[in-house]
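>>> Build me a structure from this.
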Amino acid sequence: MTDQTERLNESPSAQSRSPLAGVRVLDLTQVVAGPYCTTMLADMGADVVKIERPDGGDDLRTVGRYKGREDHEDYFNANNRSKRSITLDLKREADRKIGWALAKKADIVVENFAPGTAARLKMDWDTLRTLNPRLIYCSISGFGQTGPYRSRLALDPIIQAVAGSMSVTGEPDGKPMQVGAPLADVMAGMFGAYAIAVMLRSVEQTGVGDYIDVSMQATMVAALGPRMGETLQAGIVPHRIGNENPMRVPANIYLTADNRFVAIICQSQRQWAPLCDAIDRGDLAEDARYAEPSGRVAHRKVLDAEIAGAIATRTAEEWIARFEQFRVPCSQVNNYREALDDPQIKYRGLVRELDHPTAGRIEVVGPPWIIEGKSTPMFTPPALGQHRGDILADWLEEK
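Predicted coordinates:
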């Protein structure tokens, strides 16, 4: 085992140099949005205690089982590194009292129950803030805790649909298409972690906690906001154009001689001539129709066909090298395995190996940041209820 891997498997007590070392998070979340939020806090060094149901725990423990790995909680492991697990049935008074005791010691509580569930369990903001006035309490839900959609059921594809992202994803003559990853869940978790980190500063200054209400719908619309200028300011509703770009041409994916796809975009005017040189089509750079971005957009179909014809003459590897030489934005279209094995990802150490108590050696995708001089050790996702004794001793000083 390398020194780096040994550090990654250290427990929270070893995180003294981490930005959130000493911060305690009580995690009442499951599936993706909430666990992603608390994982981000764990990645910054917080001590995250995950409360799970005794009858199976987080729903992700029972999904995503693959042939040959039926005993492995792969999907759960991908979303719950560096946490500790305790099982409590919060419907039972005795277990709820343990939950309250933990909340008294926590700096942060995060939950992503359906709105109203936390109140029924008496683990809601109004209950817990009377026990702990410094508490930061974050609720993550599909549509927020208030408003006409409060009680609607929400999963990531539903949020992508209602937020508008599907309407601009897909081919022009095809159906609206979802993005092939739970981006609404992930971004809601990210916004939750961001708001929590800001509130930690506020609590330092005021000594008083507060409540954070994160809506997946609002999060997705906020994420689309940078591209909504034409709708907000000009009243234009964009339509689907596949992999093309409404303002730039060429900007598409193209098939190479070895039946791979490469993505290319001419982002600025200064990249147009080098792109033409890279594909040995200097004549396109001299064509008056394509001299300006507006002309290239106006002649999109004709120009795109010219680019596609040129790209079909060489392999993906040849094109990547050539476009790098001419400083034109380009990439092979990777599948997940290729993306994980990418040399740049390997160089930055994004994929981490951990020793799991039942699954053995596992890999997880770690945090994307590198903070100079601040190391946050990573340890394995927990088995269900694995840390009950340690948690009660550490937080409640019970022997």
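
>>> Do you have the strands of the chain handy? List them.
Counting by DSSP state E, one finds strands in the chain at the ranges 24-28, 47-52, 83-87, 108-111, 136-141, 210-215, 251-255, 261-265, 330-332, 351-356, 360-365.

>>> Verify the stated contact: Ser85 with Asp390.
No - Ser85 lies out of contact with Asp390 (C-beta atoms under 8 Å); the separation is 10.2 Å. Where C-beta positions appear, they are placed from N, C-alpha and C, glycine not excepted.

>>> Which residues does the biggest helix by length in the chain contact?
Longest helix in the chain by number of residues (criterion: DSSP state H): helix 183-206. For helix 183-206, the surrounding residues in contact (C-beta atoms under 8 Å, 6 or more residues apart in numbering) are 20, 23, 31-41, 44, 107-108, 110, 134, 136, 138, 140, 156, 159-160, 163, 165, 209-210, 212, 214-217, 219-220, 222-223.

>>> repeat for stretch 292-301
With contact meaning C-beta under 8 Å, 6+ apart, stretch 292-301 is reached by 244, 246-250, 266, 269, 272, 288-290, 303.

>>> and with 7 Å instead?
Met247, Arg248, Val249, Gln269, Arg289, Tyr290, Leu303 (C-beta atoms under 7 Å, 6 or more residues apart in numbering).

>>> can you check stretch 29-42 too?
Against stretch 29-42 from outside (C-beta under 7 Å, 6+ apart): 20, 25, 27, 48, 58-60, 79-83, 110-112, 140, 182, 185-186, 188-190, 192-193, 196, 216.

>>> So how do I select the buried members of those residues in ChimeraX?
Remark: buried members of the contacts of stretch 29-42, expressed as a ChimeraX selection using 16 or more other C-beta atoms under 10 Å:
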select :20,25,27,48,58,60,79,80,81,82,83,110,111,112,140,182,185,186,188,189,190,192,193,196,216
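
>>> Distance of the closest residue to Val237 other than its chain neighbours relative to Ala218?
Counting by C-beta to C-beta, 6 or more residues apart in numbering, Val237 lies nearest to Thr231, which is 6.0 Å off, once chain neighbours are set aside. As for Thr231, its distance to Ala218 is 16 Å (criterion: C-beta to C-beta, to the nearest Å).

>>> In terms of packing, which of those two has more residues around it?
Using other C-beta atoms under 10 Å, the more surrounded residue of Thr231 and Ala218 is Ala218, with 17 against 14.

>>> Could I get the contacting residues of that one?
Per C-beta under 7 Å, 6+ apart, neighbours of Ala218: Gly144.

>>> Before we move on, what's the pLDDT of it?
Looking at Ala218, its pLDDT reads 98.

>>> cool, Gln15 as well?
For Gln15, the pLDDT comes out at 44.

>>> go on, Arg69?
Taking Arg69 on its own, its pLDDT is 75.

>>> The one 3 residues further on now?
According to the prediction, His72 has pLDDT 82.

>>> I'd guessed it sits against Ala359; true?
Yes - with contacts counted by C-beta atoms under 7 Å, His72 reaches Ala359, the gap being 4.4 Å.

>>> Excluding chain neighbours, what is closest to Tyr290?
Excluding the flanking residues, the one nearest Tyr290 by C-beta to C-beta, 6+ apart is Arg296, at 5.0 Å.

>>> PyMOL command for the buried members of the contacts of stretch 292-301?
Per 16+ other C-beta under 10 Å, the buried members of those correspond to this PyMOL selection:
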select buried, resi 248+249+290+303
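
>>> hmm, which two among the contacts of stretch 292-301 are most spread apart?
The span of the contacts of stretch 292-301, defined through C-beta to C-beta, is set by Met247 and Arg289 at 17.2 Å.

>>> The residue nearest to Pro172 when sequence neighbours are not counted: how many residues sit nearby?
Distances taken as C-beta to C-beta, 6+ apart put Arg240 closest to Pro172, at 5.3 Å, once the chain neighbours are dropped. Neighbour count for Arg240, taken as other C-beta under 10 Å: 17.
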